[in-house]
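Q: the sequence isn't on hand, but the structure is:
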């Protein structure tokens, strides 16, 4: 299949294949952008989740340090929110503020995925439209005297390329769309895990170490020594 034949197919569909090619480029651009962002967010977010999980009680300084490590990750927003309310708010009030941060972060995670959703629906319809136009050209040959049957069958085959192209674009977009939605759900699960860990570690109660003893913050040791 040479370039001139591709131009012939595009003209046979009255330019519909050009539109499908533009949709494919947009689809690939969104796929590359979302794959890079979501994959990076998941990998770095896992590290932050494990780091928070390994902490005992968290104070404002530790939260600021964790937030700096998280950087521009969604977990960083939660950590900065927790640091801003450390020692002032806890329990249900703290949970509400952290949940508010998760809600504001959600639109950034599925950004541009609406483009994939639109292309998945639009591409097959455009492909079918291009095929119908190609059929008009193919059967128009029947009106000419002395037509050859091969001209009609060849025209039908050329017309079906538009439908095949639209279906290919839709299938590719559907696979990517479902994969990205799964990654978004995984990131939201990470955020919920961090939120729960922060509430448990900022409630003012000491965590228990593996031996069952209270994990007493180092700042309280001098006072306990004086009491003893």
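A: Looks like it arrived, so ask away. Computed from a predicted model, the values in this text were never measured in an experiment. Numbers count the residues shown, from 1 in each chain.
Q: so what's residue 129 closest to, chain neighbours aside?
A: residue 16 (6.0 Å; C-beta to C-beta, 6 or more residues apart in numbering). Quick note: C-beta positions are derived from backbone N, CA and C, even for glycine.
Q: neighbours of the one you found, how many?
A: 25 (other C-beta atoms under 10 Å).
Q: and for residue 191?
A: 23.
Q: next: residue 50.
A: Using other C-beta under 10 Å: residue 50 sits among 9 other residues.
Q: any idea how far residue 44 is from it?
A: From residue 50 across to residue 44, the span is 11 Å (C-beta to C-beta, to the nearest Å).
Q: now residue 31
A: According to C-beta to C-beta, residue 31 and residue 44 sit 20 Å apart.
Q: per-residue pLDDT, residue 64?
A: The per-residue pLDDT reported for residue 64 equals 87.
Q: which SSE is it in?
A: helix 60-70 (DSSP states H and E).
Q: mind checking the SS state of the residue lying closest to residue 132 once chain neighbours are set aside?
A: Leaving out its chain neighbours, the residue that sits closest to residue 132 by C-beta to C-beta, 6+ apart is residue 159, at 7.9 Å. With DSSP: H, G, I helix; E, B strand; the rest coil as the basis, residue 159 sits in helix.
Q: wait, the residue nearest to residue 129 sits on residue 128?
A: No: using C-beta atoms under 8 Å as the test, residue 16 is too far from residue 128 to be in contact (9.5 Å).
Q: shared neighbours, those two?
A: Listed as contacting both residue 16 and residue 128 by C-beta atoms under 8 Å, 6 or more residues apart in numbering are residue 162.
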